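**Student:** Structure for the following, please:
(one chain, ligands or ions: 1)
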Amino acid sequence: MPIMSTPPPILAIRDLQVAIDAEGCSWNAVDGLTLTVQRGRTLALVGESGSGKTLTALAVLGLLPSPPSRLVGGAIEFLGRDLTRLKDAQMRKIRGDRIAMIFQEPATSLNPLVPVGRQIAEAMRVHQGIGEATAREQVLALMEIVGIPDPRPRYRSYPHQLSGGMRQRIIIAMALSCRPDLLLADEPTTALDATVQAQIVDLLSRLIKDLRMSVILITHDLAVVAAMADRVAVLYAGRLMEEGGVREVLKDPLHPYTRALVAASPTGVRRSGQVVLPLQGGLDSGARPENACLFAPRCPHAFAPCATEAPPLALRVDGRLARCHLPEVGHG
Ligand code: SF4
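**Tutor:** Okay, the predicted model is just below:
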């Protein structure tokens, strides 16, 4: 029988550490994060704001705002190359060519003074080195793929002449224009109203499947995670708290923090009969005790060891990862 080997991941983040320096203090806002994204798969990063999701994506893109953030350690291997070791010019070539990003707010991602079709065409021409006429035809085809009706007249529209949903479709077209190997989508539906959100989730889900894209999806919306992702990584205070297949994690969360997130989710992902447990308190950005569970101040299940011993990230027999001292969490 032939031996089946697992293909290497398209992206492997290993022990990533990103520090924030502010007001005379310094702390690791991403603290030893290890994650992989397989080709053609979508990994969702979830967690409250301040959990390190967006900093992780910016580190992958080589766009960490400095100051206040600083890459302290770790590796980001993309198609076998460590992105943390590349020069700015090499990273610029990879960004928008092999790795593209969809940001949360379509209004600020587009140039208000340039017609939208031309903006996509310019991105295409820079990265693919094609002529104006070819780029225009490819843009019109792409606008159709992302569901923009009558693309020819819309090609000449300025961003303010389009609705929020149409602008987000333009951003998606721009991100796809260079056929990236990896797409980073940071809260791609948050700024849109509910009906348009559902349309954009449908569109992205279809494109991810049709184009077999590898995606990192950053969101606080677990319904979007359930609709789009294969795996989910739950971050808290810069640390990975739980990781596993979307279906398993959302149906049967292991970590108390994941349980609280799932319980607080409005509809669609909560198990029927599950008790809603409001997440008390907030995420303290500066406090990072070495010898304690970072979630202990908010955890309804905290017991003595949680205050004196940091729980390790444990791999269970069912392949899920969780970081908690509770015995039922550690054993599959
Ligand atoms: Fe709660 Fe303790 Fe588990 Fe941390 S280690 S999540 S405080 S039970």
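
**Student:** show me what contacts M91?
**Tutor:** Neighbour list for M91: 61-62, 83 [criterion: Cβ atoms under 8 Å, 6 or more residues apart in numbering]. For the C-beta atoms, the positions are set from N, CA and C on the backbone; glycine is no exception.

**Student:** that's a helix at it, yeah?
**Tutor:** Yes. Counting by DSSP: H, G, I helix; E, B strand; the rest coil, M91 is located in a helix.

**Student:** now it: how far from the ligand?
**Tutor:** 37 Å (Cβ to the nearest ligand atom, to the nearest Å).

**Student:** same check, this time on H255
**Tutor:** From H255 over to the ligand (counting by Cβ to the nearest ligand atom), the distance is 6 Å.

**Student:** Can you pull the poorly scored residue ranges out of the stretch 201-332 of the chain?
**Tutor:** Flagging of the stretch 201-332 of the chain using pLDDT under 70 yields the residue ranges 267-288, 330-332.

**Student:** Up against the ligand, what does it have?
**Tutor:** 256, 293, 295-296, 299, 301-302, 306, 311, 324-326 (Cβ under 6 Å from any ligand atom).

**Student:** Which PyMOL command selects the buried ones in those residues?
**Tutor:** A single PyMOL command selects the buried members of these (16 or more other Cβ atoms under 10 Å):
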select buried, resi 256+293+295+296+299+302+306+311+324+325+326
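
**Student:** Can you lay out the residues of the stretch 201-332 of the chain next to the ligand as a markdown table showing distance to G73?
**Tutor:** What follows is those, written out as a markdown table (distance: Cβ to Cβ, whole Å):
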| residue | distance to G73 |
| --- | --- |
| P256 | 28 |
| C293 | 22 |
| F295 | 23 |
| A296 | 25 |
| C299 | 28 |
| H301 | 32 |
| A302 | 29 |
| C306 | 26 |
| P311 | 22 |
| C324 | 25 |
| H325 | 26 |
| L326 | 30 |
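
**Student:** Now intersect the contacts of M91 with the helices, please.
**Tutor:** L61 (DSSP state H).

**Student:** Looking at the contacts of M91, which is nearest I218?
**Tutor:** L61 (12.0 Å; Cβ to Cβ).

**Student:** mind listing the helices for the stretch 51-200 of the chain?
**Tutor:** Counting by DSSP state H, counting those that start in this stretch, the stretch 51-200 of the chain has helices at residues 53-61, 88-94, 106-109, 116-128, 132-145, 151-155, 164-176, 194-211.

**Student:** Mind telling me which of those the model trusts least?
**Tutor:** Lowest mean pLDDT within the helices of the stretch 51-200 of the chain: helix 106-109, at a mean of 69.

**Student:** and the residue nearest to G245 when sequence neighbours are not counted, backbone torsions?
**Tutor:** Nearest in space to G245, with sequence neighbours left out and distances taken as Cβ to Cβ, 6 or more residues apart in numbering, is R231 at 5.9 Å. For R231, the backbone dihedrals (degrees, to the nearest 10) come out as phi -130, psi 160.

**Student:** one step back: now render the helices of the stretch 51-200 of the chain as CSV, adding distance to E243.
**Tutor:** Shown next, in CSV, are the helices of the stretch 51-200 of the chain (distance: least, Cβ to Cβ, whole Å):
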stretch, distance to E243
helix 53-61, 13
helix 88-94, 25
helix 106-109, 29
helix 116-128, 33
helix 132-145, 32
helix 151-155, 40
helix 164-176, 25
helix 194-211, 19
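
**Student:** Surely C324 is in contact with A296?
**Tutor:** No. Applying Cβ atoms under 8 Å, one finds C324 not in contact with A296, separated by 10.4 Å.

**Student:** gap between the spatially closest residue to R323 that is not a sequence neighbour and C293?
**Tutor:** Computed as Cβ to Cβ, 6+ apart, the closest residue to R323 that is not its neighbour in sequence is L313, at 4.6 Å. From L313 over to C293 the distance is 12 Å, taken as Cβ to Cβ, to the nearest Å.

**Student:** so what's in contact with these two at the same time?
**Tutor:** R323.

**Student:** Just the strands from the stretch 151-300 of the chain, written as ranges.
**Tutor:** 182-186, 214-218, 231-236, 239-245 (DSSP state E, counting those that start in this stretch).

**Student:** Format those as JSON lines; extra columns: distance to L142 and mean neighbour count.
**Tutor:** Listed next are these as JSON lines, based on distance: least, Cβ to Cβ, whole Å; neighbours: other Cβ atoms under 10 Å:
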{"stretch": "strand 182-186", "distance to L142": "14", "mean neighbour count": "23"}
{"stretch": "strand 214-218", "distance to L142": "18", "mean neighbour count": "24"}
{"stretch": "strand 231-236", "distance to L142": "28", "mean neighbour count": "25"}
{"stretch": "strand 239-245", "distance to L142": "32", "mean neighbour count": "23"}
